[in-house]
Structures are given as C-alpha cells and as structure tokens.
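Chemist: sequence first, predicted model second:
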Amino acid sequence: MALASTAHVDFASITSAAALRLLAGPVVAVISILVSSILPADFKAILVYWRIRDALPGCRAFSVHGLRDPRINIDALTKNVGALPTDPREQNAKWYKLLKKVDDHHEVRDAHSRFLLFRDLTGLSLLMAILAPAALAVFGYSATVVMLALSVFVFQFVVSAVAGRFSGNRLVANVLALHSVKKYK
C-alpha cells in the first residue's frame, strides 16, 4: 500500500533530471499516439503488408484470398457478385463494395476491428522504435537500455504487422465467404 501512497515521498528532493526521466515515458507515448493518428491509413497498410504498391488486403481479394479459403466457392461467388476483376485496384474497389453490404455481420466486424487495431499498433510500434530509444539516449540512459527498448519495439512492430496481416486477410475472406453463399442487395 505504501507504493500507492504519496505520503512518504519527498517531492522536493527529486532532481530536475529525475523529473525529466519520470516524464519521458508518458511524453513519448502521447507524442507517438498523436503522430500515429495522423499517419495515413495507406502508409499503415504498407507497414502491415510490407508492400509499397497495392498494400490494402482487398487488392488481392479475388486473385489470392478467394482462391485460398476453402469456405469460398468461386463459381458461386461469381454468380452472386458478377465478374471478378484481376487488376489489384479494381479488386479492392469491388471488394470494398461487397464489404459495405455485409459490414454488420459479426465475423466481418470482428475481423475489421482487429485489422484496424493491429494496423494502428504497427504504426505506433514503428514510431516507438524510433522515439523511445532516442528519448532514452537524450535522457542519459545507457546504450544497453537504449538497445533493449529498440529491440522491444522492433519485436512489437513485427508481431503487430503479422497479426494485422492475418486479420486483414481474414476480413477479406470473411466478406467473400458470405457473398459466396448468399446474394446480398
């Protein structure tokens, strides 16, 4: 209980360097979240899929995801939604129209929210991999601590990107699976 109480802390004895160190973590985190919120969604998709062009998961909706998922009957899908484009941008545009018709389904909402969460976490992790070690170095932490922070955020970046990729792929496949079993207006 003593840890939660401020009765035994002499705030006057905290040096300015110690105060700066105490504030460094929260300040870097707030700055990272603010900067992450202004990162374009397309850039975050590039980080998740490690692709410069056509990074959105819908860009490979019919040519990759529709063919890989055993729940999707391509013939039935074609019958229900019409011709399936092969151009990545056209695939994304058509897939997005299909998404909007079924975005109220639980499996679509869940995969979509997970994709957005991991996509944003990937962007935030990249920012933290840059900002946190830099802040630690500025505030005089050892090279070991700086490298440890860098390692943690790089690991978090990679894991978040992979989780985002799986969630995005699942989102695309869920939309196509629904459209392959039923024609939606």
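Modeler: Okay, I see it.
Chemist: residues in contact with stretch 149-162?
Modeler: 47-50, 118, 121-122, 125-126, 128-129, 132-133, 136 (C-beta atoms under 8 Å, 6 or more residues apart in numbering). All C-beta atoms are positioned from the backbone trio N, CA, C, and that covers glycine.
Chemist: can you redo those residues as JSON lines with distance to Tyr184, neighbour count and secondary structure?
Modeler: Below are these laid out as JSON lines (distance: C-beta to C-beta, whole Å; neighbours: other C-beta atoms under 10 Å; DSSP: H, G, I helix; E, B strand; the rest coil):
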{"residue": "Leu47", "distance to Tyr184": "32", "neighbour count": "19", "secondary structure": "helix"}
{"residue": "Val48", "distance to Tyr184": "27", "neighbour count": "27", "secondary structure": "helix"}
{"residue": "Tyr49", "distance to Tyr184": "27", "neighbour count": "21", "secondary structure": "helix"}
{"residue": "Trp50", "distance to Tyr184": "32", "neighbour count": "11", "secondary structure": "coil"}
{"residue": "Phe118", "distance to Tyr184": "27", "neighbour count": "23", "secondary structure": "helix"}
{"residue": "Leu121", "distance to Tyr184": "31", "neighbour count": "21", "secondary structure": "helix"}
{"residue": "Thr122", "distance to Tyr184": "31", "neighbour count": "28", "secondary structure": "helix"}
{"residue": "Ser125", "distance to Tyr184": "36", "neighbour count": "24", "secondary structure": "helix"}
{"residue": "Leu126", "distance to Tyr184": "37", "neighbour count": "22", "secondary structure": "helix"}
{"residue": "Met128", "distance to Tyr184": "41", "neighbour count": "25", "secondary structure": "helix"}
{"residue": "Ala129", "distance to Tyr184": "42", "neighbour count": "20", "secondary structure": "helix"}
{"residue": "Ala132", "distance to Tyr184": "45", "neighbour count": "20", "secondary structure": "helix"}
{"residue": "Pro133", "distance to Tyr184": "49", "neighbour count": "23", "secondary structure": "helix"}
{"residue": "Leu136", "distance to Tyr184": "52", "neighbour count": "22", "secondary structure": "helix"}
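Chemist: what's the farthest-apart pair in those?
Modeler: Tyr49 and Leu136 (29.9 Å; C-beta to C-beta).
Chemist: ok, longest helix in this protein?
Modeler: helix 143-181 (DSSP state H).
Chemist: just the buried residues of that helix, please?
Modeler: Across helix 143-181, burial judged by 16 or more other C-beta atoms under 10 Å covers 146, 149-150, 153, 156-157, 160-161, 163-165, 167-180.
Chemist: average pLDDT across it?
Modeler: If you average the pLDDT over helix 143-181, you get 96.
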